[in-house]
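predicted model and sequence below, questions to follow.
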Amino acid sequence: GENVEQHPSTLSVQEGDSAVIKCTYSDSASNYFPWYKQELGKGPQLIIDIRSNVGEKKDQRIAVTLNKTAKHFSLHITETQPEDSAVYFCAAWMDSSYKLIFGSGTRLLVRP
Amino acid sequence: GAVVSQHPSWVICKSGTSVKIECRSLDFQATTMFWYRQFPKQSLMLMATSNEGSKATYEQGVEKDKFLINHASLTLSTLTVTSAHPEDSSFYICSARPRLAGKGETQYFGPGTRLLVL
């Protein structure tokens, strides 16, 4: 069935260190993989996305990598700052069912 | 760009009443809007998909007679929770998919509506 697994569920890093969040998807037909940041009491905010014809994408301190063969993708945040603290969700778009399937979320805490 | 608004941001109502939540795409037209529900410390659960001018498609387990969706225009979708009960208390979030070439499956989310049913 359609499933996206996300790890870890919580992640605590020191300010300035890097953070990595990993996701695995089940549907090999998935072709679009966005990452969202959700702050407490707010809606998810799209921070970066990648399509299946690209292996890596970078936007300043944020990067996403995609391994289609292994069906996993990762979010990398470098030089973390306290304002990066939030819950991050990965997702995979299912063309077959026309919907986004979300991971379970990672609560990131950046310690000053 | 790509701003989605929701109204109201929070609502408290008595059990048995109906509540309407509006979702608007402010600076783009949306071919499709999605409604999600999120319980505390959990992920987003898709409730239904709505396309402008057609009936919404509901996910398994979501009662279409209880959660009425109307997608009247390319910038507005509404979710009405009918005869709300305490178990309907949750954070309701909409998203909109732009009708722009090349945007593909990109969805932009609203700020959410917190519903508390007493």
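Yes, it's here.

and the helix or strand of chain A with the lowest mean pLDDT, what does it pack onto?
Within chain A, no helix or strand scores below strand A:99-102, which has a mean of 90 by mean pLDDT, DSSP states H and E. Here strand A:99-102 touches strand A:86-94, strand B:45-51, going by 3 or more CB pairs under 8 Å, 6 or more residues apart in numbering or on different chains; DSSP states H and E. Every residue, glycine included, has its C-beta placed from N, CA and C.

switch those over to CSV; also include mean neighbour count.
Formatted as CSV, the helices and strands packed on strand A:99-102 follow (neighbours: other CB atoms under 10 Å in any protein chain shown):
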stretch, mean neighbour count
strand A:86-94, 24
strand B:45-51, 20
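
let's have these in TSV, adding mean pLDDT and distance to A:Thr65.
Putting the helices and strands packed on strand A:99-102 into TSV (pLDDT from 0 to 100; distance: least, CB to CB, whole Å) gives the following:
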stretch	mean pLDDT	distance to A:Thr65
strand A:86-94	94	12
strand B:45-51	92	26
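
as CSV, the ones you listed with distance to B:Glu59 would be great.
Below are those laid out as CSV (distance: least, CB to CB, whole Å):
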stretch, distance to B:Glu59
strand A:86-94, 12
strand B:45-51, 5
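
out of those, nearest to B:Arg24?
Of all these, strand B:45-51 sits nearest to B:Arg24, with 13.2 Å by CB to CB.
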